[in-house]
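Asker: Sequence first, then the predicted structure, then my questions.
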Amino acid sequence: MGSDGSGVEDDITDTLIGGSLYERLRVQRTGVFGGSIPRKLATQSGLLVVLALVLPITAAFPAGVRALFPAGEPTTASPQIILLGVLGLVLLVGTGAVLVCLEYARLRLEPGLTEDQIRVLLNWEEVTSLFGLGAGGAVVFLTDGFTLLGLGGIGVVQTYLQQAPRSAFTTSGTGISVVAVATTAVCGAVLLYTASRYLVVVGDLRSH
């Protein structure tokens, strides 16, 4: 792709000229989150990997911060911040499943889909992407951001606790551990990435 973005423009032009009705309608939309569903699934897979980084981050907490957690082990603890991670996990995996269903339905029903039916699918895709890539992505970065405070040492954490007594580092009481969320996030990332590659292969086979 050239520095002037001509490569992207050429791809759009090719789609408008030779693409299916669905592809032509998709590139004409001006939503916040563009791109194909397989690409969105791959991105959400990457966000789940970013979420899983809470495990190595908490494992690297200094001794003073580790002492705040039961048995001095933050990775098996259930701090408040991990509930935010659970929300991000649900958003990314849940919307990923919806995107897979939308793309599978589109591949099964094309070329018999009418323009109105395609627009309905695209509307669902756009809303789902807002919850997944938008809200889910924001939640993931907030989770990692608050967790990174622990690397600043006990002084930083105590200052934060004074400002917010019921904070990211207090016990949630749910029993959902950091390692459980991180492990589930990695599994979800593998599933979404595998689904994205599968849909690409199916799409290529149907286009030939």
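Answerer: Looks like it arrived, so ask away. Numbers count the residues shown, from 1 in each chain.
Asker: drop to CA atoms for contacts and neighbour counts, all remaining ones
Answerer: Fine.
Asker: Give me the neighbour count for residue 173.
Answerer: 10 (other C-alpha atoms under 10 Å).
Asker: OK, contacts around the most centrally placed residue in the chain?
Answerer: Centroid-nearest residue in the chain, with C-alpha atoms, centre = their mean: residue 44, separated by 3.3 Å. With contact taken as C-alpha atoms under 8 Å, 6 or more residues apart in numbering, residue 44 is in contact with 92, 96, 132, 133, 137, 189, 192.
Asker: ok, of those, which one's closest to residue 111?
Answerer: Closest to residue 111 out of those is residue 96 (23.8 Å), distances taken as C-alpha to C-alpha.
Asker: Point me to the helix or strand that includes the closest one.
Answerer: helix 80-109 (DSSP states H and E).
Asker: So which bits of that helix are buried?
Answerer: Neighbour-count burial for helix 80-109, with 16 or more other C-alpha atoms under 10 Å as criterion, is recorded at 80-86, 88-93, 95-100, 102-103, 106-107.
Asker: and if you look at stretch 125-139?
Answerer: 125, 126, 128, 129, 130, 131, 132, 133, 134, 136, 137, 139.
Asker: Please apply the same query to stretch 173-190.
Answerer: 176-182, 184-186, 188-190.
Asker: Can you add pLDDT and give the residues you listed back as TSV?
Answerer: As requested, the buried residues of stretch 173-190 are arranged in TSV below (pLDDT from 0 to 100):
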residue	pLDDT
176	95
177	96
178	97
179	97
180	97
181	98
182	98
184	98
185	98
186	98
188	98
189	98
190	98
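Asker: Keep only those of those residues that are in helices.
Answerer: Mapping these onto helices (DSSP state H) picks out 178, 179, 180, 181, 182, 184, 185, 186, 188, 189, 190.
Asker: ok, so of the residues you listed, who is nearest residue 153?
Answerer: Among those, and counting by C-alpha to C-alpha, the member closest to residue 153 is residue 178, at 18.9 Å.
Asker: in what helix or strand does the closest residue to residue 85 other than its chain neighbours lie?
Answerer: Nearest residue to residue 85 in three dimensions, chain neighbours excluded: residue 143, at 5.7 Å (C-alpha to C-alpha, 6 or more residues apart in numbering). Here residue 143, judged by DSSP H and E, is contained in helix 137-148.
Asker: List the buried residues of that helix.
Answerer: Those buried within helix 137-148 under the rule 16+ other C-alpha under 10 Å are 137, 139, 140, 141, 142, 143, 144, 147, 148.
Asker: any idea how far the fourth one lies from residue 61?
Answerer: Here residue 141 is placed at a distance of 18 Å from residue 61 (C-alpha to C-alpha, to the nearest Å).
Asker: residue ranges with poor pLDDT in the chain?
Answerer: 1-19, 31, 165, 207-208 (pLDDT under 70).
Asker: got a list of what the nearest residue to residue 157 once chain neighbours are set aside touches?
Answerer: Excluding the flanking residues, the one nearest residue 157 by C-alpha to C-alpha, 6+ apart is residue 150, at 6.2 Å. Applying C-alpha under 8 Å, 6+ apart to residue 150 gives the contacts 58, 61, 62, 65, 156, 157.
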